[in-house]
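**Q** coords please:
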Amino acid sequence: MATQLLDDLTAVAELLANWARWTKGCDALNQSGVACSADDPGAVCWCLRGACKMVADGSDYRTPRFRELISALESVLLAVPHYYMDCKNRTLVSFNDYDLTTHADVLHLVGRAIERCKRGDAVPAPRP
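**A** Residues are numbered from 1 along each chain as shown. Reported below is the predicted structural model:
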């Protein structure tokens, strides 16, 4: 089991556990509802990718830790029923921002990634 990855997935789940801390359309929002970077100290809610960025301590999306986290979640995303989105664009951003995606859907996706990590399922290599 990848301890850092499991810790990061769990932290994403905890960060987004309250629906008021989840958003669509940008990485994060501040208390005034203005878009900000995910690691902005004034951020109060995050999209799924923004939560990953916040947890992975990265202002750079190219860090190995962030990319592994995204890869683990996107590998689970492939199992999401087709009615959630256009199958040609199955990314965390399109999933999170899709009109029919709910907070519960996002938490379910993260929960499945946590289960896979606990089982020791292989995580695909991050995309370049």
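**Q** in stretch 50-62, what counts as buried?
**A** 50, 51, 52, 53, 54, 55, 56, 58 (16 or more other CB atoms under 10 Å). Quick note: C-beta positions are derived from backbone N, CA and C, even for glycine.
**Q** Surely the second one and residue 14 touch.
**A** No: under the contact definition of CB atoms under 8 Å, residue 51 does not touch residue 14, with a separation of 9.5 Å.
**Q** about what we covered before: which members of the buried residues of stretch 50-62 are positioned in helices?
**A** 50, 51, 52, 53, 54, 55 (DSSP state H).
**Q** can you put the residues you listed in TSV and add pLDDT?
**A** Listed next are these as TSV, based on pLDDT from 0 to 100:
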residue	pLDDT
50	96
51	97
52	96
53	94
54	94
55	94
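**Q** And the residues you listed, which is closest to residue 3?
**A** The shortest approach to residue 3 among these belongs to residue 55, at 14.2 Å (CB to CB).
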